[in-house]
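K.L.:
quick one, what's the 3D model for this:
(3 chains)
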Amino acid sequence: MGRIVEAEAYRGPEDRAAHSFGGRRTARTEVMFGPPGYAYVFLVYGLHWHFNLVTTAAGAPHAVLIRAVEPLEGLELMADRRGSSASHRDLTNGPGKLCSAFAIDRAAYGADLTRAPLFLSEPPREAARPRVLRSPRIGIDYAGDWAARPWRFYDAQSRSVSRRPGSAARGNCSAR
DNA sequence: TTAAGGATCTCCT
DNA sequence: GGAGATCCTTAAA
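P.N.:
Purely as a prediction, here's the structure:
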């Protein structure tokens, strides 16, 4: 279990950075065209899985990429899956890393995110509301004007975000 | 059938 | 800070 601390919005079909750009509907993107609450999982660079939440009503191929999580329970299992060299902070502070730690792969494609084994839940009532910063999305330089949109959101306090403001190679800015 | 190119991570310097 | 890993998806022929 973990707390989501970083995410990015992808708004096809207009959004050039989205896999569903232009209404591209294939076996891979199919789940994004369906109802919300399901998992869109895909492979990047032939190596790493990425985990997205399908959002918005059926027909609108929108998704939210989960980029980082703060590990809460099952740390030993996560470390085991990630390799013994992974430090606590390195367990889930990146989209590929968290998929490895949570054992998310193609088998999770289309999974119902309201039911075990992979599901979202409300934060505890007593949990403080995090201060959320935003920046441009990561790794989508090819997307033209869309690359500049501040559609990456992350918890200002969390040490588990993938790129810290000020230390990033490109694209980071903080606003509100 | 083929070729090109990724919504990254790790290891090395 | 930079290169290599590595294979699926897509589009075009």
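K.L.:
could I get the contacting residues of A:H48?
P.N.:
Residues near A:H48 by Cβ atoms under 8 Å, 6 or more residues apart in numbering: A:95-96, A:99-100. In short, each C-beta sits where N, CA and C put it, glycine included.
K.L.:
roughly how far apart are it and A:L98?
P.N.:
Using Cβ to Cβ, to the nearest Å, A:H48 is found at 10 Å from A:L98.
K.L.:
poorly predicted segments of chain A, please.
P.N.:
Applying pLDDT under 70 to chain A flags residues A:84-85, A:164-176.
K.L.:
can you show me the helices along it?
P.N.:
A:75-82, A:95-101 (DSSP state H).
K.L.:
what residues does the longest one touch?
P.N.:
Pointing back at helix A:75-82 there. In contact with helix A:75-82 (Cβ under 8 Å, 6+ apart) are residues A:71, A:86, A:88, A:90-92, A:97, A:100-103.
K.L.:
mind redoing it with 7 Å?
P.N.:
For helix A:75-82, contacts defined as Cβ atoms under 7 Å, 6 or more residues apart in numbering pick out A:71, A:86, A:91-92, A:97, A:100-101, A:103.
K.L.:
okay, now the residue of chain A found nearest DNA strand C: neighbour count?
P.N.:
When scored by Cβ to the nearest atom of the strand, chain A has A:G46 as its residue closest to DNA strand C, at 2.6 Å. Look at A:G46: counted by other Cβ atoms under 10 Å, it has 5 neighbours.
K.L.:
tell me how many other residues crowd A:G94.
P.N.:
Counted with other Cβ under 10 Å, residues neighbouring A:G94 total 22.
K.L.:
and if you look at the one 10 residues further on?
P.N.:
When neighbours are counted by other Cβ under 10 Å, A:I104 registers 19.
K.L.:
spatially central, which residue of chain A would that be?
P.N.:
A:I66 (1.3 Å; Cα atoms, centre = their mean).
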